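Student: show me the folded form of this:
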Amino acid sequence: MARVVAFIPDLLFGSSVLSALSAAGHEPVLASNEEALRSALPEAEALVVDLTFDVPQRIELVRSAKPPRLKTLAFYSHVEADVRDQGREAGFDLVIPRSRMAREGVAVLDRLLAGSGDEDPAP
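Tutor: Next comes the predicted model:
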């Protein structure tokens, strides 16, 4: 399976995401700050980004640190459609609501890694 970096500052939700990724056979790494993110990205095949905190700074950091081949999945608070749009404009491969990430994030990531794509319907 894939080495996945989870750039999630919420440690409780981040732990949940890491547990789900591990259970699915992935090798997850939690990056809660810029240094950890930059350190983990060169070996990663995918990146999961929380866009519920510091959105402009996170988008810029990911733009500057992300290798070109890396698959990216971002999630946002469903009440902030503007953040969804910012993530799409920033070039994330897929931007989904946090609730969907909690329910089916691993399956969505697996499809993204397989290249089969996914759609993020407007909430």
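Student: so which residues of the chain form strands?
Tutor: Using DSSP state E, the strands found in the chain span residues 3-7, 27-31, 46-50, 71-76, 94-97.
Student: can I get these in JSON lines with mean pLDDT and distance to residue 14?
Tutor: C-beta coordinates here come from the backbone N, C-alpha and C atoms, glycine included. Rendered in JSON lines, the data for these read as follows (pLDDT from 0 to 100; distance: least, CB to CB, whole Å):
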{"stretch": "strand 3-7", "mean pLDDT": "96", "distance to residue 14": "6"}
{"stretch": "strand 27-31", "mean pLDDT": "95", "distance to residue 14": "5"}
{"stretch": "strand 46-50", "mean pLDDT": "96", "distance to residue 14": "8"}
{"stretch": "strand 71-76", "mean pLDDT": "96", "distance to residue 14": "12"}
{"stretch": "strand 94-97", "mean pLDDT": "96", "distance to residue 14": "16"}
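Student: got TSV for the ones you listed, with mean neighbour count and distance to residue 38 too?
Tutor: Putting the strands of the chain into TSV (neighbours: other CB atoms under 10 Å; distance: least, CB to CB, whole Å) gives the following:
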stretch	mean neighbour count	distance to residue 38
strand 3-7	24	10
strand 27-31	20	8
strand 46-50	25	12
strand 71-76	24	15
strand 94-97	21	22
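Student: which of those sits closest to residue 62?
Tutor: Each of the strands of the chain has some distance to residue 62 by CB to CB; the shortest is strand 46-50, at 5.9 Å.
Student: by how many degrees do that closest one and strand 71-76 diverge?
Tutor: 10 degrees (axes from the mean of the first three to the mean of the last three CA atoms, to 10 degrees).
Student: alright, I will stop here.
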